[in-house]
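K.L.:
Quick one: sequence and predicted model below, then my questions.
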Amino acid sequence: MSSSSSSLEVAIVGGGPAGLIAAEVLARAGLTVTVYDRMQSVGRKLLMAGRGGLNLTHSEEFERFVARYAEAQPRLRPFIEAFRPEDLRAWCEGLGQETFVGSSGRVFPRAFKASPLLRAWLSRLENLGVRFALRHRWQGWDEDGHLIFTDPTGQPVRAKPAAAILALGGASWPRLGSDGSWAELLAQRGIAVLPLRPANMGFTLPWSEIMRSRFEGEPLKRIALTFEGRTVKGEAIVTADGIEGGAVYALSSVLRDAIDRTGSATLHLDLRPDLSEDALAKRLSAPRKGQSASTFLRKSAGLSPVGIALLREASPSLPAEPDTLARLIKAVPLTLTGMKSLDRAISSAGGVPFTELDDHLMLKRMPGVFLAGEMLDWEAPTGGYLLQATFATGIAAARGVLASWQIPDDALTLNPSSATRHP
């Protein structure tokens, strides 16, 4: 650390993964860092994400990995190449949290939950000298360019750092801290902000009363979903008013856009993706021997009660011909008529387009102000892709701050052995 860098102060607005990893990079380089967050503690959405197992990243081959970011891939790729999935795993293990690869290729901490990782991380940041100003809600800038916050008592607080990184998240699960209110503050400065929309969310459809009352919460395992020529294998779950789950989330962006265009989207559900239509029809050609339709479908086609109920939703009078019935089992139509609201989505799409930013994620209209994480206009399915890009853009923004002051790259290491801050 140089004496010049130690006098530089950076404000990070937002205490989620993007803001915290940016704080770590900058503090390691010797800068004075303050993290502002409107909640009473940081990392709240990370903790929520880790309730069922913290999916950090994914182990699949890199080219396939970056393809998950679709239209945003060209802009996100350099940042993810600079901080790859294996780097995120090494960083996690440097905090004493061993990782493992699950059967689906997803990567988790061995502890599975987020809380041990977050505790170790906050301890490291404290040792690095990072300061936290909690219950400070960002209100934008004053006429002199100072950042304005309101403190826990409602009084205004002004800060004039040498640079600022905004990492305020999207607008999903606002009770955890990211409510999207920053969009208006940036728009007031002439910065384009695309509307925030739900991503990785469930969809609604008009179930029958029997479906709602008897099968709410029932899982659909080992299925395949197809929409507009794209097929995803995985699992889903029936909700009182629709369907959600990993396989649905993987198609959520195209389903959302179709509903926006036409008001509905017909998804096709394959209840037996492991069997060809011909093989299934052959099974269904066996004599029924007095069995009820449900018993016959359970024994011959291996369908669960919820799968049989879905067939009846699509065709109350089930086809008698084996070929026609097999065709229905392989492509049960589900007409989605709406989507779950933004506040219940796992993540959000929209935000600040990359055209507003330079290659270091600095706002072109506001030199010295950098953006990271879900504020940027990108989306990805669940499976570790969300956190990977959040970390990668947080690091990229911090490196942009350092590059603007020509601080050498050797100050950017995330090696845990360098975790002691110089006085």
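P.N.:
Yep, that arrived.
K.L.:
where does the stretch 301-423 of the chain have low pLDDT?
P.N.:
Within the stretch 301-423 of the chain, the stretches with pLDDT under 70 are 409-423.
K.L.:
what about the strands in it?
P.N.:
All strands of the stretch 301-423 of the chain, identified by DSSP state E, counting those that start in this stretch, fall at 332-336, 338-339, 347-351, 369-371.
K.L.:
Including mean neighbour count and distance to residue 132, could those go into a markdown table?
P.N.:
Yep, even glycine has a C-beta here, placed from its N, CA and C like the rest. Formatted as a markdown table, those follow (neighbours: other Cβ atoms under 10 Å; distance: least, Cβ to Cβ, whole Å):
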| stretch | mean neighbour count | distance to residue 132 |
| --- | --- | --- |
| strand 332-336 | 17 | 42 |
| strand 338-339 | 20 | 36 |
| strand 347-351 | 26 | 25 |
| strand 369-371 | 28 | 19 |
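K.L.:
what's the closest of those strands to residue 260?
P.N.:
Smallest distance to residue 260 across those (Cβ to Cβ): 9.0 Å, for strand 338-339.
K.L.:
which secondary structure elements does the closest one contact?
P.N.:
In terms of contacts (3 or more Cβ pairs under 8 Å, 6 or more residues apart in numbering; DSSP states H and E), strand 338-339 is packed against strand 203-204, helix 252-262.
K.L.:
partner strands of that strand, parallel or antiparallel?
P.N.:
In the sheet, strand 338-339 lines up against strand 203-204 (antiparallel) (DSSP bridges).
K.L.:
who's in contact with the partner strand?
P.N.:
Here strand 203-204 makes contact (Cβ atoms under 8 Å, 6 or more residues apart in numbering) with 241-244, 248, 252, 255, 259, 265, 267, 336-340.
K.L.:
closest to residue 307 among those residues?
P.N.:
The closest of those to residue 307 turns out to be residue 243 (Cβ to Cβ; 12.9 Å).
K.L.:
Next, the closest residue to the closest one other than its chain neighbours: secondary structure please.
P.N.:
Counting by Cβ to Cβ, 6 or more residues apart in numbering, residue 236 is the residue found nearest to residue 243 once chain neighbours are left out, at 5.5 Å. Three-state call for residue 236 (DSSP: H, G, I helix; E, B strand; the rest coil): strand.
K.L.:
re the thing from before, do you know which of the helices and strands packed on strand 338-339 lies nearest residue 302?
P.N.:
strand 203-204 (26.1 Å).
K.L.:
what's the model's confidence in the closest one, averaged?
P.N.:
Strand 203-204 shows a mean pLDDT of 98.
K.L.:
how far out from the middle of the chain is that strand?
P.N.:
In terms of Cα atoms, centre = their mean, to the nearest Å, the centre of strand 203-204 is found 19 Å from the chain centre.
K.L.:
Which neighbouring elements make contact with the helix or strand following that strand?
P.N.:
Using DSSP states H and E, the helix or strand that follows strand 203-204 towards the C-terminus is helix 209-215. Counting contacts by 3+ Cβ pairs under 8 Å, 6+ apart, helix 209-215 is packed against helix 305-314.
K.L.:
re earlier: return the most buried member of the helices and strands packed on strand 338-339.
P.N.:
Highest mean neighbour count of these: strand 203-204, a mean of 20 (counted as mean count of other Cβ atoms under 10 Å).
K.L.:
Break the protein into its domains for me.
P.N.:
Segmentation of the chain into domains, based on automatic domain parsing, reads 3-198+345-418, 203-339.
K.L.:
most packed of the ones you listed?
P.N.:
Mean neighbour count (mean count of other Cβ under 10 Å) peaks for domain 3-198+345-418 among the domains of the chain, with a mean of 19.
K.L.:
if we can go back for a sec, which of the strands of the stretch 301-423 of the chain sits closest to residue 197?
P.N.:
Here strand 347-351 is closest among the strands of the stretch 301-423 of the chain (Cβ to Cβ), at 4.7 Å.
K.L.:
can you state the direction angle for that closest one and helix 252-262?
P.N.:
For strand 347-351 against helix 252-262, the angle by axes from the mean of the first three to the mean of the last three Cα atoms, to 10 degrees is 60 degrees.
K.L.:
which other residues reach strand 347-351?
P.N.:
Strand 347-351 has contacts (Cβ under 8 Å, 6+ apart) with 170-172, 180, 183, 193-200, 253, 256, 342, 374-380, 386.
K.L.:
and if we set it to 7 Å?
P.N.:
With contacts defined as Cβ atoms under 7 Å, 6 or more residues apart in numbering, strand 347-351 is touched by 170-172, 193-200, 253, 342, 374-377, 379, 386.
K.L.:
need the strands for the stretch 51-200 of the chain, in chain order.
P.N.:
So, for the stretch 51-200 of the chain - with DSSP E, counting those that start in this stretch - the strands run 57-58, 99-101, 106-109, 131-134, 137-141, 147-150, 156-159, 163-166, 194-199.
K.L.:
Which one of these lies nearest to residue 45?
P.N.:
Nearest to residue 45 among the strands of the stretch 51-200 of the chain is strand 194-199 (14.0 Å), distances taken as Cβ to Cβ.
K.L.:
Each with direction, which strands does the closest one pair with?
P.N.:
Its sheet considered, strand 194-199 pairs with strand 347-351 (antiparallel) by DSSP bridges.
K.L.:
Keeping just the C-alphas, turn the partner strand into PDB.
P.N.:
The C-alpha trace of strand 347-351 is given here as PDB (Å, rounded to 0.1, in the frame of the first residue of the first chain):
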ATOM      1  CA  SER A 347     -34.100 -11.600  -9.100                       C
ATOM      2  CA  SER A 348     -34.900  -8.700 -11.400                       C
ATOM      3  CA  ALA A 349     -34.200  -7.800 -15.000                       C
ATOM      4  CA  GLY A 350     -33.700  -4.300 -16.400                       C
ATOM      5  CA  GLY A 351     -31.600  -1.600 -14.700                       C
END
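K.L.:
Check the offset of it from the chain's centre.
P.N.:
Centroid displacement of strand 347-351 relative to its chain, using Cα atoms, centre = their mean, is 9 Å.
K.L.:
Output the strands of the stretch 301-423 of the chain in a markdown table, with distance to residue 284 appended to each entry.
P.N.:
Below are the strands of the stretch 301-423 of the chain laid out as a markdown table (distance: least, Cβ to Cβ, whole Å):
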| stretch | distance to residue 284 |
| --- | --- |
| strand 332-336 | 15 |
| strand 338-339 | 34 |
| strand 347-351 | 41 |
| strand 369-371 | 55 |
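K.L.:
out of the ones you listed, which comes closest to residue 32?
P.N.:
Of all the strands of the stretch 301-423 of the chain, strand 369-371 comes closest under Cβ to Cβ, at 16.4 Å.
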